[in-house]
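Trainee: please find the sequence and the predicted model below.
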Amino acid sequence: MGESVRSTFLFAMPTWQEGVGRLVDFADTLTEYNVTAPPEDPDARAAAQDWLAVDDALRHAVTHYRP
């Protein structure tokens, strides 16, 4: 199927050290989110990413369908 469309613009990608630290972060002090302005922009981008993922799935289904 190749590479699927993914979006990570709304959350930060932690390093493996941060991942290990989150195991004992019971107060949830390590959680970070990326901020975008205006607020409508992330929603529009997320909707576009969703439709791109649907497009990828449909293309895969059409190209791999064998009657």
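Mentor: Cool, got the structure.
Trainee: show the average pLDDT along the longest helix along the chain.
Mentor: In the chain, with assignment by DSSP state H, the single longest helix is helix 40-64. On average, the pLDDT along helix 40-64 is 85.
Trainee: for that helix, which positions count as buried?
Mentor: P42, Q49, D56 (16 or more other CB atoms under 10 Å). C-beta: built from backbone N, CA, C; applies to glycine.
Trainee: JSON lines for the residues you listed, including distance to F26?
Mentor: Compiled in JSON lines, the buried residues of helix 40-64 are given as follows (distance: CB to CB, whole Å):
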{"residue": "P42", "distance to F26": "29"}
{"residue": "Q49", "distance to F26": "32"}
{"residue": "D56", "distance to F26": "38"}
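Trainee: most remote residue from the middle of the protein, which is it?
Mentor: P67 (33.6 Å; CA atoms, centre = their mean).
Trainee: what sits closest to E32 if chain neighbours are left out?
Mentor: Sequence neighbours aside, A12 is the residue nearest to E32 in space, at 4.7 Å (criterion: CB to CB, 6 or more residues apart in numbering).
Trainee: okay, that neighbour and Y65: tell me how far apart.
Mentor: Distance of A12 to Y65, computed by CB to CB, to the nearest Å: 39 Å.
Trainee: what's the answer for T31, then?
Mentor: 42 Å.
Trainee: out of those two, which sits in the more crowded spot?
Mentor: It is T31, of T31 and Y65, that has more neighbours when counted by other CB atoms under 10 Å, with 11 against 7.
Trainee: where's the more buried one, which helix or strand?
Mentor: Remark: T31 resides in no helix or strand, with elements defined by DSSP states H and E.
Trainee: quick one: it from D25, how far?
Mentor: Distance from T31 to D25, by CB to CB: 8 Å.
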